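> From the sequence below, what's the structure:
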Amino acid sequence: PPSVYDGGLGNGAKYYYEVTAVNSSGESSKSNEANATTMASAPTGLTATGGGTQVSLLWTGSTGASTYNIYRGTSTGDESATPVATGVTGTSYVDTALANATKYYYEVTAVNGGGESGKSNEASATTGTAAPTGLTATGGNAQISLAWSGSTGAASYKVYRGTSSGAEGSTPIATGLTSASYTDSSLSTGTTYYYEVSAVNSADESGKSNEASATPLATPALTAQVVAGQPVLSWNTIAGAANYNVYRAVSTGGEGAAPYASGIS
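Numbers count the residues shown, from 1 in each chain. Predicted coordinates:
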């Protein structure tokens, strides 16, 4: 059957048509009216922002678009042929339940009665890192040593401290830590301190780790005297100490790592 291609039209516009037949005797009356909508133009200005386990997308809408499709990949130019979301009616989308510390790449298309447009510019973003785990705290002489399991993709860590459980607050006492350990010094002996740690990457700061606590102890001041021919040891009471260990040697500085008496109260 006869047909004609009407090219060079604007994107996302609806056009109406009628047809007449012509011969040497003249022109027929007009046909029924038919209409068609041209394909919308590709979206522009796509941006992506990562945080937590999601990426937020925003783009400039296309004239005549009814909905949008979202395409995602994990390397540049590798967005899958199957969209991760269809029928999106606005010019924004939040892609959720993603892996931590992973860079994702996106393109968006516009859809209307004329079909699906070409793809937008590509945009990428990295999701946030997971919270550290396994935080432990060990008290020492006016200090506490912290250690934790590092988070994949973390660039650094922050340490939060409080003097009661759950009261670490929102201002870290240490930032920019690049290893999974930290020693908090110049503390008050006999006071219990509570800690949480977070991980930081280019996307954001993670949630906080488990809470750990410890009590720094002062060093005892030891004296020794001989009573009835045997050594008698005494020392001052240390705030926060549950009990004491005693080390012995037969030469100066040779007490070693294993106490000969422990649990002394």
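
> next structured bit after the longest strand along the chain?
Longest strand in the chain, counting residues (DSSP state E): strand 103-112. Once strand 103-112 ends, the next helix or strand along the chain (criterion: DSSP states H and E) is strand 115-116.

> Identify the residues contacting the next helix or strand after that following strand?
As assigned by DSSP H and E, the chain's next helix or strand after strand 115-116 is strand 123-126. Applying C-beta atoms under 8 Å, 6 or more residues apart in numbering, the contact partners of strand 123-126 are 46-50, 55-57, 76, 101-107, 153, 201-203. Just so you know, the C-beta spots here come from the backbone N, C-alpha and C atoms, and that holds for glycine as well.

> How far does the helix or strand containing Val226 sit from its chain's centre?
Under the criterion of DSSP H and E, Val226 resides in strand 222-227. Centroid separation between strand 222-227 and its chain, computed with C-alpha atoms, centre = their mean, to the nearest Å, is 58 Å.

> residue nearest the centroid of the protein?
By C-alpha atoms, centre = their mean, the chain has its centre lying nearest to Gly128, at 1.7 Å.

> Cross-check the contact I'm expecting between that one and Ala155.
No - Gly128 is beyond contact range of Ala155, at 11.0 Å (criterion: C-beta atoms under 8 Å).

> What about Asp204, how many residues nearby?
16 (other C-beta atoms under 10 Å).

> With Thr237 instead?
By the measure other C-beta under 10 Å, the count of residues near Thr237 is 8.

> Backbone dihedrals for it, please?
Per-residue torsions, Thr237: phi -70, psi 130 (degrees, to the nearest 10).

> Look at it and report its pLDDT.
Per-residue pLDDT puts Thr237 at 93.

> Look up how far Thr223 lies from it.
Going from Thr237 to Thr223 by C-beta to C-beta, to the nearest Å gives 14 Å.

> How about Thr133: what's its closest non-neighbour residue?
Nearest non-adjacent residue to Thr133, counting by C-beta to C-beta, 6 or more residues apart in numbering: Ser149, 4.7 Å away.

> what's around the one you found, how many residues?
Using other C-beta under 10 Å: Ser149 sits among 12 other residues.

> same deal with Tyr15?
Neighbour tally, Tyr15, other C-beta under 10 Å: 12.

> name the element it belongs to?
Tyr15 belongs to strand 14-17 when assigned by DSSP H and E.

> and that strand, what other elements does it pack with?
If you count contacts as 3 or more C-beta pairs under 8 Å, 6 or more residues apart in numbering; DSSP states H and E, strand 14-17 packs onto strand 34-37.

> Please work out which residues outside the strand it packs on touch it.
Outside strand 34-37, the residues touching it (C-beta under 8 Å, 6+ apart) are 12-18, 64, 112-114.

> all strands of the stretch 101-250 of the chain, in order?
Under the criterion DSSP state E, counting those that start in this stretch, the stretch 101-250 of the chain contains strands at 103-112, 115-116, 123-126, 133-139, 144-149, 156-162, 174-177, 181-184, 193-200, 205-208, 212-214, 222-227, 230-235, 244-246.

> give me the low-pLDDT residue ranges for the stretch 51-200 of the chain?
For the stretch 51-200 of the chain, applying pLDDT under 70 flags no range at all.

> Please identify the buried residues of stretch 55-66?
55, 57-59, 61-62, 64-65 (16 or more other C-beta atoms under 10 Å).

> cool, and stretch 231-243?
Within stretch 231-243, no residue counts as buried by 16+ other C-beta under 10 Å.

> ok so, going back, so what's the residue nearest to Thr133 up against?
132-134, 180.
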